[in-house]
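Engineer: fold the stuff below for me.
(one chain, ligands or ions: 3)
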Amino acid sequence: MSTLEIRDLHVAISEADGSLREILRGVNLTIRDGETHAIMGPNGSGKSTLAYALAGHPKYTVTSGTVTLDGEDVLAMSVDARARAGLFLAMQYPVEVPGVSVSNFLRTAVTATRGEAPKLRDFMKEMRGAMSGLSIDPKFAERSLNEGFSGGEKKRHEILQLELLDPKIAVLDETDSGLDVDALKVVSEGINRFRAKPGRGVLLITHYTRILRYVQPDYVHVFVAGRIVEEGGPELAEVLENEGYERFTGAGASA
Ligand code: ADP
Ligand code: MG
Ligand code: MG
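Structural biologist: Numbering: from 1, shown residues only. Ligands and ions are numbered 1, 2, ... in the order given. This is a model prediction of the structure:
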């Protein structure tokens, strides 16, 4: 049993002059295990801000509201503690780290999450199996983290992390951007393998509807101007695909 519960979350970003600008204006969302939720919304609506706030990024200040995972206060946790609690946020480590290989990075992340270092040989075997399932060239493991990664490589690496860290709840932001159709299929299969396991939940954040053809959400939330303005089932994604966000942006502006 896992439940991620976001209640009346308000988040502001720090401007260059030190003032705060409110981006999230009262987000409410509950994700239970076995459920896949999609958050969809126009550019600039605050979708990534939600993901960064959940990840504990220092630039994003939670001004009010709560986030709990199985009743535990996520907002009080360090970034590593969030991972240990079972929350996966792909952008936790977005930086280029020259000199740190993908395999070293992954082993460190797995160690931090599981609380003990896997035996090197076991880990290598596990990693290679996961890589082959994602059609990732074995040489990729020796590359420097994020250095010169293409959009597609970043996204495959993200799903590789997901597979190895095996969290309870995965938050995936714009996982489909920068992917050609073949890569989109591989990445989607990875997400579908993850969510098919018992006790797992997914929050898929996206501007586009195309990934939702491969990863069918149970619930779709329309996100406009820092809050959810409409909720429905997978049919809502079809409405958005056909009509865009226009009819909802009106609702967001007047909210
Ligand atoms: P989305 O992911 O829906 O496109 P974002 O969360 O990226 O939206 O952005 C929401 C708003 O917050 C935008 O107006 C954006 O310019 C602003 N914003 C987000 N992150 C930052 C940041 N680190 N510094 C300054 N402004 C930011
Ligand atoms: Mg954006
Ligand atoms: Mg975004």
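
Engineer: remind me which helix or strand residue 117 belongs to.
Structural biologist: Of the helices and strands defined by DSSP states H and E, none includes residue 117.

Engineer: distance of it relative to residue 108?
Structural biologist: 9 Å (CB to CB, to the nearest Å). Every residue, glycine included, has its C-beta placed from N, CA and C.

Engineer: just residue 191 next, same as before
Structural biologist: Relative to residue 108, and taking CB to CB, residue 191 is found at 23 Å.

Engineer: one more: residue 21?
Structural biologist: 34 Å.

Engineer: more neighbours: which of residue 191 and residue 108?
Structural biologist: residue 191 (22 against 13; other CB atoms under 10 Å).

Engineer: the more buried one in helix, strand or coil?
Structural biologist: helix (DSSP: H, G, I helix; E, B strand; the rest coil).

Engineer: and it, what is it in contact with?
Structural biologist: 159, 162, 170, 172, 175, 202, 204, 215 (CB atoms under 8 Å, 6 or more residues apart in numbering).

Engineer: apart from its chain neighbours, what residue comes closest to the residue nearest the centre of the chain?
Structural biologist: The centroid of the chain falls nearest to residue 172 when counting by CA atoms, centre = their mean (2.1 Å). Once flanking residues are discounted, residue 172 sits nearest to residue 204: 5.3 Å by CB to CB, 6 or more residues apart in numbering.

Engineer: check residue 190 too.
Structural biologist: Excluding its sequence neighbours, the residue lying closest to residue 190 (CB to CB, 6+ apart) is residue 159, at 3.9 Å.

Engineer: just the helices in the stretch 51-200 of the chain please.
Structural biologist: Applying DSSP state H, counting those that start in this stretch to the stretch 51-200 of the chain gives helices spanning 79-85, 102-114, 120-133, 151-165, 181-196.

Engineer: could those helices go into CSV alongside mean pLDDT and distance to residue 242?
Structural biologist: Listed next are the helices of the stretch 51-200 of the chain as CSV, based on pLDDT from 0 to 100; distance: least, CB to CB, whole Å:
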stretch, mean pLDDT, distance to residue 242
helix 79-85, 90, 37
helix 102-114, 91, 40
helix 120-133, 95, 34
helix 151-165, 90, 26
helix 181-196, 92, 20
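
Engineer: just name the most buried of those helices.
Structural biologist: Ranked by mean neighbour count, those are led by helix 151-165 with a mean of 20 (mean count of other CB atoms under 10 Å).

Engineer: that one - contacts with which helices or strands?
Structural biologist: Applying 3 or more CB pairs under 8 Å, 6 or more residues apart in numbering; DSSP states H and E, one finds that helix 151-165 contacts strand 87-89, helix 102-114, helix 120-133, strand 169-173, helix 181-196.

Engineer: one more pass at 6 Å, please.
Structural biologist: Contact here means 3 or more CB pairs under 6 Å, 6 or more residues apart in numbering; DSSP states H and E; on that basis helix 151-165 packs against helix 102-114, helix 120-133, helix 181-196.
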